[in-house]
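Enquirer: Need a 3D model of the sequence below.
(one chain, ligands or ions: 1)
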Amino acid sequence: MRRTVVSTLLVVPALLASAACVHGQSEASSATTADAEQAEAFAFVQANCASCHAIEGGSLSSNPQAPRFVDIANRDWLTRKSLAAWLADAHNYPEMMNVDLAPEQVDAVAGYMLTLRSEDYQRLPD
Ligand code: HEC
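Expert: Numbering: from 1, shown residues only. Model prediction:
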């Protein structure tokens, strides 16, 4: 049993890698995977965060107490690491923010939020 599991782990990535090479699409297919992950992350924040936060650049938060994701993402001092650390620790959350993220969701959400970082970012006037 144990033997089977180990050999499957070794064989599957090798098969995937060789399939990618045969078709000469390894770059294209990794871009597609990244796009799919972005789309999934967007759908996730739309379902779980958008009821309070503005999750896209141009919009306003439905809950005025909840900062817009674009404002969070464009803070000078914010890094992917600090954002992920905050998201991973539900104790930080305001009481009304009833979410609990699994590690891969933390990663996806942090990745998505950082796509909102932009040179052209302007804070809304208060
Ligand atoms: C029910 C409303 C609500 C929902 C849903 C919600 N939030 Fe929040 N969130 C808030 C409020 C309000 C604050 C601001 C709390 C404060 O400033 O004390 C906040 C703060 C934050 C902050 C920190 C902002 C800062 O100032 O440092 C992050 C990051 C964040 N939310 C991410 C998320 C993510 C990701 C989701 C979805 C998985 C989510 N929130 C869902 C209400 C919500």
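Enquirer: On the three-state scheme, the residue minimising distance to the centre of the chain is what?
Expert: Ranked by distance to the mean C-alpha position of the chain (CA atoms, centre = their mean), the top residue is residue 108 at 2.2 Å. For residue 108, the secondary-structure state derived from DSSP: H, G, I helix; E, B strand; the rest coil is helix.
Enquirer: what's the closest residue to it other than its chain neighbours in contact with, if anything?
Expert: Excluding its sequence neighbours, the residue lying closest to residue 108 (CB to CB, 6 or more residues apart in numbering) is residue 41, at 4.0 Å. Quick note: C-beta positions are derived from backbone N, CA and C, even for glycine. Shown in contact with residue 41 (CB atoms under 8 Å, 6 or more residues apart in numbering): 108, 109, 111, 112.
Enquirer: Identify the spatial nearest neighbour of residue 83, chain neighbours not counted.
Expert: residue 110 (4.7 Å).
Enquirer: Over to residue 57?
Expert: Spatial nearest neighbour of residue 57, excluding adjacent residues (CB to CB, 6+ apart): residue 70 at 4.8 Å.
Enquirer: So that neighbour sits against residue 53, correct?
Expert: No. Judged on CB atoms under 8 Å, residue 70 makes no contact with residue 53 at a distance of 9.7 Å.
Enquirer: The biggest helix by length in the chain - what's its average pLDDT?
Expert: For the chain, the helix with the greatest residue count under DSSP state H is helix 26-48. Over the span of helix 26-48, the pLDDT mean works out to 85.
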